[in-house]
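Visitor: The sequence isn't on hand, but the structure is:
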Ligand SMILES: Nc1ncnc2c1ncn2[C@@H]1O[C@H](COP(=O)(O)OP(=O)(O)OP(=O)(O)O)[C@@H](O)[C@H]1O
Ligand SMILES: Nc1ccn([C@H]2C[C@H](O)[C@@H](COP(=O)(O)O)O2)c(=O)n1
(Lines give C-alpha, C1' and ligand atoms only; values in the text may rest on other atoms or scores of the structure.)
(Ligands and ions follow the chains in the order given, each with its own letter.)
Protein backbone atom coordinates (compact mmCIF):
# COMPACT_ATOMS: atom_id res chain seq x y z
CA UNK A 1 0.00 0.00 0.00
CA UNK A 2 1.18 3.53 -0.81
CA UNK A 3 -0.53 6.57 0.75
CA UNK A 4 0.41 9.95 -0.72
CA UNK A 5 0.31 13.24 1.17
CA UNK A 6 0.94 16.26 -1.02
CA UNK A 7 0.43 19.93 -0.32
CA UNK A 8 1.78 23.44 -0.37
CA UNK A 9 4.90 24.56 1.54
CA UNK A 10 4.70 24.19 5.32
CA UNK A 11 1.15 22.83 5.18
CA UNK A 12 2.13 20.01 7.55
CA UNK A 13 3.02 17.30 5.04
CA UNK A 14 5.96 15.82 6.99
CA UNK A 15 4.26 16.03 10.39
CA UNK A 16 1.03 14.51 9.09
CA UNK A 17 2.83 11.85 7.04
CA UNK A 18 4.85 10.92 10.14
CA UNK A 19 1.74 10.57 12.33
CA UNK A 20 -0.20 8.62 9.72
CA UNK A 21 2.76 6.34 9.01
CA UNK A 22 3.22 5.61 12.73
CA UNK A 23 -0.47 4.74 13.06
CA UNK A 24 -0.25 2.44 10.05
CA UNK A 25 3.03 0.87 11.23
CA UNK A 26 4.94 1.79 8.08
CA UNK A 27 7.66 4.32 7.19
CA UNK A 28 7.11 7.63 5.44
CA UNK A 29 9.38 9.13 2.83
CA UNK A 30 9.96 12.82 2.24
CA UNK A 31 10.53 13.61 -1.43
CA UNK A 32 11.21 17.26 -0.56
CA UNK A 33 14.21 16.20 1.51
CA UNK A 34 15.87 14.77 -1.62
CA UNK A 35 15.30 18.05 -3.50
CA UNK A 36 16.62 19.92 -0.48
CA UNK A 37 19.74 17.74 -0.13
CA UNK A 38 20.54 18.16 -3.83
CA UNK A 39 20.13 21.94 -3.47
CA UNK A 40 22.37 22.05 -0.40
CA UNK A 41 25.13 20.13 -2.20
CA UNK A 42 24.85 22.45 -5.21
CA UNK A 43 25.02 25.59 -3.06
CA UNK A 44 28.06 24.24 -1.21
CA UNK A 45 29.79 23.25 -4.47
CA UNK A 46 28.90 26.52 -6.21
CA UNK A 47 26.96 24.63 -8.91
CA UNK A 48 24.38 26.63 -10.86
CA UNK A 49 20.90 25.56 -9.67
CA UNK A 50 19.65 25.72 -13.27
CA UNK A 51 22.44 23.62 -14.82
CA UNK A 52 20.95 20.11 -15.00
CA UNK A 53 24.01 18.26 -16.41
CA UNK A 54 26.33 19.81 -13.80
CA UNK A 55 23.85 19.02 -11.02
CA UNK A 56 23.51 15.39 -12.12
CA UNK A 57 27.30 15.06 -12.26
CA UNK A 58 27.54 16.45 -8.75
CA UNK A 59 24.89 14.01 -7.51
CA UNK A 60 26.63 11.08 -9.23
CA UNK A 61 29.75 11.70 -7.15
CA UNK A 62 27.76 12.46 -3.95
CA UNK A 63 26.17 9.25 -2.64
CA UNK A 64 23.05 10.26 -0.73
CA UNK A 65 21.04 7.98 1.55
CA UNK A 66 17.51 8.85 2.64
CA UNK A 67 16.63 7.23 5.96
CA UNK A 68 12.98 7.07 7.04
CA UNK A 69 13.64 7.31 10.81
CA UNK A 70 10.58 7.04 13.10
CA UNK A 71 11.06 10.64 14.33
CA UNK A 72 11.42 12.02 10.80
CA UNK A 73 13.35 11.50 7.58
CA UNK A 74 17.08 12.12 7.54
CA UNK A 75 19.48 12.36 4.62
CA UNK A 76 23.15 11.40 4.75
CA UNK A 77 26.10 11.97 2.42
CA UNK A 78 28.74 9.25 2.31
CA UNK A 79 32.33 10.48 2.44
CA UNK A 80 35.87 9.29 3.23
CA UNK A 81 35.45 10.26 6.92
CA UNK A 82 32.08 8.50 7.23
CA UNK A 83 28.58 9.80 6.73
CA UNK A 84 27.56 13.44 7.12
CA UNK A 85 23.98 14.12 8.26
CA UNK A 86 22.68 16.82 5.89
CA UNK A 87 19.17 17.01 7.38
CA UNK A 88 19.46 20.21 9.43
CA UNK A 89 21.50 22.06 6.79
CA UNK A 90 18.85 21.17 4.20
CA UNK A 91 16.23 23.19 6.12
CA UNK A 92 17.76 26.67 6.05
CA UNK A 93 16.43 29.85 4.45
CA UNK A 94 19.13 29.58 1.76
CA UNK A 95 17.95 26.12 0.72
CA UNK A 96 14.29 27.25 0.90
CA UNK A 97 15.14 30.11 -1.47
CA UNK A 98 17.04 27.96 -3.98
CA UNK A 99 15.27 24.61 -4.03
CA UNK A 100 12.42 25.56 -6.40
CA UNK A 101 14.86 26.41 -9.21
CA UNK A 102 16.44 22.96 -9.05
CA UNK A 103 13.05 21.26 -8.62
CA UNK A 104 11.83 22.78 -11.91
CA UNK A 105 14.38 20.78 -13.91
CA UNK A 106 12.87 17.62 -15.48
CA UNK A 107 16.25 15.86 -15.17
CA UNK A 108 16.33 16.49 -11.44
CA UNK A 109 12.71 15.41 -11.04
CA UNK A 110 13.66 12.19 -12.84
CA UNK A 111 16.57 11.71 -10.43
CA UNK A 112 14.32 12.06 -7.36
CA UNK A 113 11.46 10.02 -8.82
CA UNK A 114 13.71 7.08 -9.72
CA UNK A 115 14.85 6.89 -6.08
CA UNK A 116 11.29 6.98 -4.79
CA UNK A 117 9.98 4.39 -7.23
CA UNK A 118 12.80 2.02 -6.22
CA UNK A 119 11.39 1.83 -2.66
CA UNK A 120 9.45 -1.23 -1.57
CA UNK A 121 5.88 -0.52 -0.31
CA UNK A 122 4.16 -0.17 2.06
CA UNK A 123 4.95 3.49 2.84
CA UNK A 124 3.50 6.97 3.06
CA UNK A 125 5.07 9.37 0.53
CA UNK A 126 4.89 13.13 1.00
CA UNK A 127 5.69 15.97 -1.34
CA UNK A 128 4.06 17.88 -4.17
CA UNK A 129 3.45 15.36 -6.96
CA UNK A 130 3.37 12.02 -5.13
CA UNK A 131 -0.27 11.41 -6.04
CA UNK A 132 0.01 12.72 -9.60
CA UNK A 133 3.35 12.09 -11.36
CA UNK A 134 5.13 9.65 -9.05
CA UNK A 135 2.54 7.24 -7.61
CA UNK A 136 -0.65 7.80 -9.64
CA UNK A 137 -1.91 4.35 -8.60
CA UNK A 138 -1.56 5.03 -4.84
CA UNK A 139 -4.19 3.43 -2.58
CA UNK A 140 -5.19 6.79 -1.07
CA UNK A 141 -4.20 10.38 -1.79
CA UNK A 142 -4.40 13.52 0.32
CA UNK A 143 -3.64 17.18 -0.44
CA UNK A 144 -3.03 19.62 2.43
CA UNK A 145 -3.48 23.37 2.34
CA UNK A 146 -3.59 26.15 4.95
CA UNK A 147 -3.60 29.92 4.63
CA UNK A 148 -0.14 31.50 4.17
CA UNK A 149 -0.53 33.37 7.48
CA UNK A 150 -1.30 30.21 9.45
CA UNK A 151 1.63 28.40 7.81
CA UNK A 152 3.98 31.30 8.57
CA UNK A 153 2.87 31.42 12.22
CA UNK A 154 3.51 27.68 12.55
CA UNK A 155 6.94 27.97 10.90
CA UNK A 156 8.18 30.81 13.14
CA UNK A 157 7.52 28.59 16.12
CA UNK A 158 10.15 26.19 14.68
CA UNK A 159 12.64 28.72 13.31
CA UNK A 160 12.59 32.13 15.01
CA UNK A 161 11.97 34.66 12.25
CA UNK A 162 9.82 37.60 11.21
CA UNK A 163 6.33 36.28 10.46
CA UNK A 164 5.68 38.75 7.59
CA UNK A 165 8.95 37.79 5.91
CA UNK A 166 8.23 34.06 6.34
CA UNK A 167 4.71 34.51 4.92
CA UNK A 168 6.09 36.37 1.88
CA UNK A 169 8.71 33.65 1.32
CA UNK A 170 6.04 30.91 1.53
CA UNK A 171 3.83 32.72 -1.00
CA UNK A 172 6.83 33.12 -3.33
CA UNK A 173 7.77 29.43 -2.99
CA UNK A 174 4.14 28.35 -3.60
CA UNK A 175 4.19 30.34 -6.86
CA UNK A 176 7.51 28.81 -8.00
CA UNK A 177 6.34 25.25 -7.14
CA UNK A 178 2.81 25.66 -8.54
CA UNK A 179 3.35 23.59 -11.67
CA UNK A 180 4.22 20.36 -9.82
CA UNK A 181 1.92 21.08 -6.86
CA UNK A 182 -1.53 20.39 -8.30
CA UNK A 183 -3.80 18.03 -6.35
CA UNK A 184 -4.62 14.71 -7.98
CA UNK A 185 -8.22 14.57 -9.18
CA UNK A 186 -8.86 11.73 -6.71
CA UNK A 187 -7.05 13.35 -3.74
CA UNK A 188 -8.90 14.16 -0.52
CA UNK A 189 -8.26 17.85 0.12
CA UNK A 190 -7.85 19.00 3.72
CA UNK A 191 -7.61 22.68 4.67
CA UNK A 192 -5.65 22.47 7.94
CA UNK A 193 -5.95 26.18 8.85
CA UNK A 194 -8.47 25.50 11.60
CA UNK A 195 -7.22 22.05 12.64
CA UNK A 196 -4.46 21.08 15.04
CA UNK A 197 -1.98 18.38 14.06
CA UNK A 198 -3.78 15.45 15.78
CA UNK A 199 -6.98 16.67 14.10
CA UNK A 200 -5.43 16.48 10.62
CA UNK A 201 -3.93 13.05 11.31
CA UNK A 202 -7.30 11.85 12.60
CA UNK A 203 -9.03 13.15 9.46
CA UNK A 204 -6.60 11.21 7.24
CA UNK A 205 -6.95 8.03 9.31
CA UNK A 206 -10.76 8.34 9.33
CA UNK A 207 -10.71 8.48 5.53
CA UNK A 208 -8.41 5.44 5.38
CA UNK A 209 -10.81 3.57 7.68
CA UNK A 210 -13.78 4.61 5.52
CA UNK A 211 -12.01 3.19 2.47
CA UNK A 212 -11.17 -0.05 4.30
CA UNK A 213 -7.42 0.63 4.17
CA UNK A 214 -6.99 0.78 7.94
CA UNK A 215 -8.72 -1.23 10.68
CA UNK A 216 -10.33 1.08 13.28
CA UNK A 217 -8.29 1.15 16.51
CA UNK A 218 -5.85 3.77 17.94
CA UNK A 219 -6.86 6.84 19.94
CA UNK A 220 -6.04 10.15 18.24
CA UNK A 221 -4.17 11.33 21.34
CA UNK A 222 -1.50 8.65 20.70
CA UNK A 223 -0.69 9.91 17.20
CA UNK A 224 0.79 13.41 17.46
N1 LIG B 1 -2.43 21.26 11.80
C2 LIG B 1 -1.39 21.80 12.41
N3 LIG B 1 -1.56 22.58 13.48
C4 LIG B 1 -0.50 23.16 14.08
N5 LIG B 1 0.77 23.06 13.67
C6 LIG B 1 1.00 22.29 12.61
C7 LIG B 1 -0.05 21.63 11.92
N8 LIG B 1 0.50 20.96 10.88
C9 LIG B 1 1.83 21.19 10.93
N10 LIG B 1 2.13 21.99 11.97
C11 LIG B 1 3.44 22.54 12.30
O12 LIG B 1 3.78 23.37 11.17
C13 LIG B 1 5.17 23.28 10.90
C14 LIG B 1 5.36 22.85 9.44
O15 LIG B 1 4.95 21.51 9.32
P16 LIG B 1 5.74 20.48 8.40
O17 LIG B 1 7.21 20.70 8.49
O18 LIG B 1 5.20 19.14 8.70
O19 LIG B 1 5.23 20.99 6.99
P20 LIG B 1 5.73 20.59 5.54
O21 LIG B 1 4.55 20.77 4.64
O22 LIG B 1 6.37 19.26 5.55
O23 LIG B 1 6.84 21.73 5.30
P24 LIG B 1 7.86 21.94 4.06
O25 LIG B 1 7.01 22.10 2.84
O26 LIG B 1 8.60 23.20 4.35
O27 LIG B 1 8.75 20.74 4.03
C28 LIG B 1 5.73 22.31 11.92
O29 LIG B 1 6.23 23.06 13.00
C30 LIG B 1 4.54 21.49 12.37
O31 LIG B 1 4.66 21.01 13.68
N1 LIG C 1 7.57 16.09 -4.70
C2 LIG C 1 8.22 17.25 -4.54
C3 LIG C 1 8.74 17.60 -3.31
C4 LIG C 1 9.39 18.79 -3.19
N5 LIG C 1 9.53 19.60 -4.26
C6 LIG C 1 10.30 20.83 -4.17
C7 LIG C 1 9.44 22.03 -3.96
C8 LIG C 1 9.75 22.51 -2.58
O9 LIG C 1 9.89 23.93 -2.54
C10 LIG C 1 11.07 21.85 -2.23
C11 LIG C 1 11.20 21.44 -0.80
O12 LIG C 1 10.12 20.59 -0.46
P13 LIG C 1 9.43 20.64 0.99
O14 LIG C 1 10.46 20.28 1.99
O15 LIG C 1 8.91 22.03 1.16
O16 LIG C 1 8.33 19.63 0.92
O17 LIG C 1 11.21 20.74 -3.08
C18 LIG C 1 8.99 19.25 -5.46
O19 LIG C 1 9.11 20.00 -6.45
N20 LIG C 1 8.34 18.07 -5.58
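Guide: Right, received. Where do you want to start? Since the model is a prediction, treat every value here as computed from it, not as a measurement. Ligands and ions are numbered 1, 2, ... in the order given.
Visitor: so what's the residue nearest to residue 151 when sequence neighbours are not counted up against?
Guide: Spatial nearest neighbour of residue 151, excluding adjacent residues (CB to CB, 6 or more residues apart in numbering): residue 10 at 4.2 Å. Every residue, glycine included, has its C-beta placed from N, CA and C. Contacts were defined as CB atoms under 8 Å, 6 or more residues apart in numbering; by that measure residue 10 touches 146, 151-152, 154-155, 170.
Visitor: how close does residue 10 get to ligand 2?
Guide: When distance is defined by CB to the nearest ligand atom, to the nearest Å, residue 10 is 7 Å away from ligand 2.
Visitor: Ok, residue 53 next?
Guide: For residue 53, the distance to ligand 2 under the criterion CB to the nearest ligand atom works out to 19 Å.
Visitor: for the nearest residue to that residue once chain neighbours are set aside, what are its contacts?
Guide: In this structure, residue 53 finds its nearest non-sequential neighbour in residue 107, 7.7 Å apart by CB to CB, 6+ apart. Applying CB under 8 Å, 6+ apart to residue 107 gives the contacts 52-53, 55-56.
Visitor: Name the residues of the helix or strand residue 107 falls within that are buried.
Guide: Remark: residue 107 resides in helix 106-117, with elements defined by DSSP states H and E. By neighbour count, and taking 16 or more other CB atoms under 10 Å as the criterion, the buried residues in helix 106-117 are 108-109, 111-113, 116.
Visitor: Any idea how many residues pack against the residue of the chain found nearest ligand 1?
Guide: Of the residues in the chain, the one nearest ligand 1 is residue 12, at a distance of 2.8 Å by CB to the nearest ligand atom. For residue 12, the number of neighbouring residues by other CB atoms under 10 Å comes to 26.
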